[in-house]
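[1] based on what follows, work out the 3D shape:
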Amino acid sequence: MFQIFSVSIRGVFRDRVFYGILSVAVLLFIVPLVSSLSMRIVTELSITLSLSLISFILLLLSVFLGGTSLWKDMEKRYSFSVLGMPLSRGKYLLGKFLATALFLLITTCFLGIVALGVIYFASGIYPPMRPVQWNSIVIALLFDYLKYLLLVAIAYLLSTVSTSFFLPLFGAIVLFFVGSASQEAYDFVRSEQGADLAPLVKKAATGLYYVLPNFSAFDLKVNAIYGVPLSSSGLLYTGAYFLVYTALVLTVSVMVFDRRELK
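    Modelled structure (predicted):
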């Protein structure tokens with residue numbers, strides 16, 4: 001599995017994806033200039049723009065790397081030669097997932113360091129009304145990474161049942177946006193405004209809420225921007241949710257990939 005991991009991570013860098021990220025990261029350096037237009041909330045806007053840009057970049061990486069990694073190997077017939085060796089399909093799949101996870105971690109750390117520097121620069125020129133909660137920003141970046149790592153696992157699952165990259169690519173995008181809105185839909189169903197909904201609709205919405213990934217649970221931008229205290233128990237529950245859900249998705253992925261006929 002280590003060989004698959006090593007070859008896969010080198011393959012990601014050979015695709016020059018990281019250099020594309022470096023070019024996009026340049027946008028972070030104009031954040032203080034754009035934020036200065038707000039006059040009163042320069043630091044808050046700097047945090048908002050920095051975290052949002054990083055989140056968008058991680059979304060693109062998760063969808064494209066998770067959705068096309070297996071497909072590329074099969075198109076190049078690389079997977080057939082590798083799986084002909086004494087190596088299980090599960091180890092092959094997990095090796096590629098871990099390589100993507102490492103690349104995503106490197107990207108998050110790099111962009112996070114740049115963002116922290118930008119925010120520090122903005123807060124020094126335009127002192128904020130409330131102190132910057134640096135630990136909340138770092139935790140928000142960490143949970144953003146976990147969110148998109150879960151999305152990568154889902155994209156790999158979709159890749160194991162598809163012969164093209166369309167289902168993993170667009171399926172991951174759809175599931176991301178649906179999963180990001182599932183909490184709001186669930187809260188609406190349980191609120192007074194949702195009391196008039198049909199019982200079948202309520203049951204369907206509740207069932208989907210528990211089955212679909214809840215990506216909104218990983219969004220801690222509000223806490224980082226406005227210094228809202230973080231709940232230790234909430235962070236632990238979210239971390240446990242990530243571990244359980246990701247483990248289940250990868251387990252199903254391995255089971256499906258083991259039974260898939262490769263042509």
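[2] so where's the longest helix in this structure?
    helix 89-125 (DSSP state H).
[3] buried residues, that one. List them.
    When burial is assessed from 16 or more other CB atoms under 10 Å, helix 89-125 yields the following buried residues: 89-90, 92-101, 103-104, 107-108, 111-112, 114-116, 118-119, 122-123. To be clear about C-beta, it is placed using only N, CA and C from the backbone, and glycine gets the same treatment.
[4] then stretch 157-171?
    Result for stretch 157-171 [16+ other CB under 10 Å]: buried residues Leu157, Leu158, Ser159, Thr160, Ser162, Phe165, Leu167, Pro168, Leu169, Gly171.
[5] wait, the second one touches Ala172, no?
    Yes. The pair formed by Leu158 and Ala172 meets the contact definition of CB atoms under 8 Å, at 6.3 Å.
[6] quick one: the helices in this protein?
    2-14, 17-25, 31-35, 42-75, 78-83, 89-125, 134-160, 166-190, 199-211, 221-226, 232-259.
[7] show me what the third one packs onto, helices and strands only.
    Helices and strands touching helix 31-35, as assessed by 3 or more CB pairs under 8 Å, 6 or more residues apart in numbering; DSSP states H and E, comprise helix 42-75, helix 89-125.
[8] switch those over to JSON lines; also include distance to Tyr148 and mean pLDDT.
    As requested, these are exported to JSON lines (distance: least, CB to CB, whole Å; pLDDT from 0 to 100):
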{"stretch": "helix 42-75", "distance to Tyr148": "4", "mean pLDDT": "84"}
{"stretch": "helix 89-125", "distance to Tyr148": "6", "mean pLDDT": "87"}
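[9] out of these, which gets nearest to Pro32?
    Counting by CB to CB, Pro32 lies closest to helix 89-125 out of those; the figure is 4.3 Å.
[10] so which elements touch the closest one?
    So helix 89-125, by 3+ CB pairs under 8 Å, 6+ apart, packs with helix 2-14, helix 17-25, helix 31-35, helix 42-75, helix 78-83, helix 134-160, helix 232-259.
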